[in-house]
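J.: task: produce atomic coordinates for the following.
(chains A and B)
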Amino acid sequence: MTADQLIRGLAAVNPGFFIIAAALLAAVARDTVVRAVALIGGPIIAGVVLLYPPVAGVEVARTGFLGFDLALYRPDSLSLIFGFGFTLAAALTGIYSLHRRDQVQDAAGMVYAGSAVAAVFAGDLISLVIFAEMATLASAAIIFAKRTGASYRAALRYLAIQSVGGLLLLTGAILYGLAEGSFLFQELGGLWNGVLVGIFDLKQPGAILILLGAGIKAGFPLTHNWLTDAYPNTTETGAVALSPYTTSLAVYILARGFAGLDALIWIGAVMTIYPVFFAVMENDLKKVLAYSSNNQIGFMVCAVGMGTTLSLNGAAAHAFAHIIFKGLLFMCMGAVQLRLGTTKATDLGGIHRTMPWTTLACLIGAASISAIPFFAGYSSKAMIMASAESGMGLTVVWLMLLFASAGVLEHSGIKIPFFAFFSHDGGKRPKEAPFNMVLAMGLSAAICLAIGLKPSWLYQLLPFRDQAIKFLTFDLFSTAHMIQQTELIAFAVFAFMLLKWLKMYPPEREGLILDAEWIWRKALPRVAAGLARPTAIPGRAISALIASTGRRVQGLAAQVFAEGGLVSRKLPLAGTAVWTLAILGLVVLISLFSR
Amino acid sequence: MTEETKPATPPKPEPIRHEPIRLGEPGEHPLSVLLFSWMRSAFFFRFFMGVMAAVGAVMIGFEFIFIRKSYTTIDSLPGFFGVFGFIAFAAAVLSGWPLGRAMRRREDYYDTTSGEAGDDR
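T.: Now for the predicted structure:
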């Protein structure tokens, strides 16, 4: 068998399974080399297999389960771009994690990545939900793995909210599949411009539940705090492993099921705006990055809602680029956390002197997320902005996205690198990050530059390839677009420097910023306590009555059964004989009349 | 000629030893010296601020020259992106003052004795 035949044979298997299999090896690997092979080799095999995809849109692996038809592997142009992003992220996370020998995190991270890959290639609702929930459980294990009280509680909160999302997805999937008579995507909807997108009909209650479930996983407004709660409560590798999958998978579900849904335009636009204000106030830079994820996912959700070929290409391209540059920024903060034990802006500053490689990588990540020309975000976000600008009746949305773009520059483009590595010098001189971390950051930075400088390779992977190439040829690097973007960024950076110079930039301060999580961490417990208060007095009386009755029964039993009690007294022999005869007679009578 | 009559050779001048100029701070990584050390002066800050303003102004000039404008929509106004970027950035940053005062709490705001959600601290 040649290597080509072997790869084509493997190409009939959902690539996520290779990563999950590698996770099992990583869970038991004690040898350094075996562990490295598992962490990096699994995603690489999955990635190589993805380079030889079977015919797009054809169910490669179909199986039966409880009488239902399931399609475990159905690759198409929408799933491929997400699959490539996830496998790449898994390989980079594997390299980044090599210094830390923690089998729980290794295995959980790989199961998480493998399940996410398997989910985007699933060809039916049931498989999709099962893989998505496997990913959820594995991701919770990553948070638990920090092994502190705070991370334990954060993981429980994460599990609680993700379980709600998962239950909504599962219930919605079952209701929808039963109502439509099939769970297979290709039987639920038709092709649109050659790709299966927007397949769910919102007239079905199941579709609404799926939308809500995917919304929780995407971090829709008011449900978004699972990101800002979980990401800071992880180890230095944990946030890197957490950041690429759940939210991107939700974007994939929204694109597959709800492309063109108008409500998503506004939900996405709101998602891009509010994190800007929270990120400005926030002191913990990992939390700032979590808010930044809310903001960037908002761009994708908005693009999915617009539902044009250009906007869906933009959502997919931005999801891919975001996986890489947000992973890079989390890697940089992870390196700082490893060396200094904190990512709080008040405790950092001046460390570029001894961590220049990390600083350089962070600057490239920051330039990428800020959409500076020739960096990753410029090539991916341009399609979303162009869709909004040219969309009918979308002027307000476009202005919101433009505001959010300036906000991204503030919190991720400037605040993260400035406060972590420059700013006030606190005298800390940590060592540079370990080699494996620097290597992973370097590779991620190189991919960011590759997307920015030569985006054609990414554009060829997009769901609507021809439209993407057309945009690349005529619009992406057009004079107007380059000038306008440079102008926006130059004036925004000027505003930052001016405000700093005038000492009008708010100083970093310790503290916790109130957000929607206040509702379930403070308000709801207070409401529950308030509701319980009127029942407190009768409750105490009933408790006292039960306790008093219990004590009386206990006393009575003691009188009857204790030594010298009623039943333990010595009886005269004659009396005993009479009682024995009486009981015997009773038994005889019962047996006679019971026939 | 005897030893005594030989003219005394002038002593060799000590070679001027050029001490390497220390760049950056003691212990600083050479890459940091190369990439970042020149950014630390107050002059650089003001200089870079001027550069950004100049780049922005040049871009507005380019808009007049290279982009055919219809002047009928808001985004077709020359300088719109620069003005919007400046105002949006400044608004986002300056909002941090009042919002921070209103919404910042102690780090242990959510901590409780029981470890569960609620008010039992």
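
J.: drop to CA atoms for contacts and neighbour counts, all remaining ones
T.: Noted.

J.: same question for stretch A:237-246, mean pLDDT?
T.: For stretch A:237-246, the mean pLDDT works out to 95.

J.: quick one: end-to-end length of that stretch, please.
T.: Here the two ends of stretch A:237-246 are set 16 Å apart, with distance taken as Cα to Cα, to the nearest Å.

J.: what's the answer for stretch A:497-508, then?
T.: Terminal residues of stretch A:497-508 are spaced 16 Å apart (Cα to Cα).

J.: now that stretch, how far from the chain's geometric center?
T.: Taking Cα atoms, centre = their mean, to the nearest Å, the mean C-alpha location of stretch A:497-508 is offset from the chain mean by 34 Å.

J.: quick check, that stretch touching chain B?
T.: Yes: applying Cα under 8 Å from any Cα of the partner chain, one finds that stretch A:497-508 is in contact with chain B at A:497-499, A:504-506.

J.: identify the residues contacting that stretch?
T.: Contacts to stretch A:497-508, defined as Cα atoms under 8 Å, 6 or more residues apart in numbering or on different chains, come from residues A:281-283, A:345-346, A:496, B:45, B:49, B:90, B:93-94, B:96-97.

J.: one more: stretch A:446-453?
T.: A:321, A:324-325, A:364-365, A:368, A:373-379, A:457-458.

J.: only the buried subset of the residues you listed, as a ChimeraX command please.
T.: Filtering the contacts of stretch A:446-453 down to the buried ones (16 or more other Cα atoms under 10 Å in any protein chain shown) takes a single ChimeraX command:
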select /A:321,324,325,364,365,368,373,374,375,376,377,378,379,458
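
J.: what mean pLDDT does stretch B:92-101 get?
T.: The predicted model assigns stretch B:92-101 a mean pLDDT of 95.

J.: what's in contact with it?
T.: A:276-277, A:280-281, A:407, A:410, A:504-506, A:513.

J.: go with 7 Å
T.: With Cα atoms under 7 Å, 6 or more residues apart in numbering or on different chains as the test, stretch B:92-101 has contacts from A:276-277, A:280-281, A:407, A:505-506.

J.: before we move on, back to that, give me the buried entries from the residues of stretch A:497-508 next to chain B.
T.: Buried subset of these (neighbour count, 16+ other Cα under 10 Å): A:497-499, A:505-506.

J.: contacting residues around residue 59?
T.: You didn't pick a chain, so chain A it is. For A:Glu59, the contact set (Cα under 7 Å, 6+ apart) comprises A:71, A:73-74, A:123.

J.: can you look at chain B instead?
T.: Neighbours of B:Met59 in contact, by Cα under 7 Å, 6+ apart: A:483, A:487.

J.: same deal with A:Phe220?
T.: A:Met271.

J.: okay, A:Val55: pLDDT?
T.: 72.

J.: now do the one 3 residues further on
T.: What the model reports as pLDDT for A:Val58 is 75.

J.: and the strands in the chain?
T.: You didn't say which chain, so I picked chain A. Counting by DSSP state E, chain A has strands at residues A:61-65, A:68-73, A:512-513.

J.: should've been chain B
T.: Remark: strands assigned in chain B by DSSP E are B:104-105.

J.: where in it is pLDDT low?
T.: Within chain B, the segments meeting pLDDT under 70 span B:1-5, B:68-71, B:114-121.

J.: spell out which parts of it neighbour chain A.
T.: Residues of chain B lying near chain A by Cα under 7 Å from any Cα of the partner chain: B:28-29, B:31-32, B:49, B:52-53, B:55-56, B:59, B:67, B:81-82, B:85-86, B:88-90, B:92-94, B:96-97, B:100, B:103-107, B:117-118.
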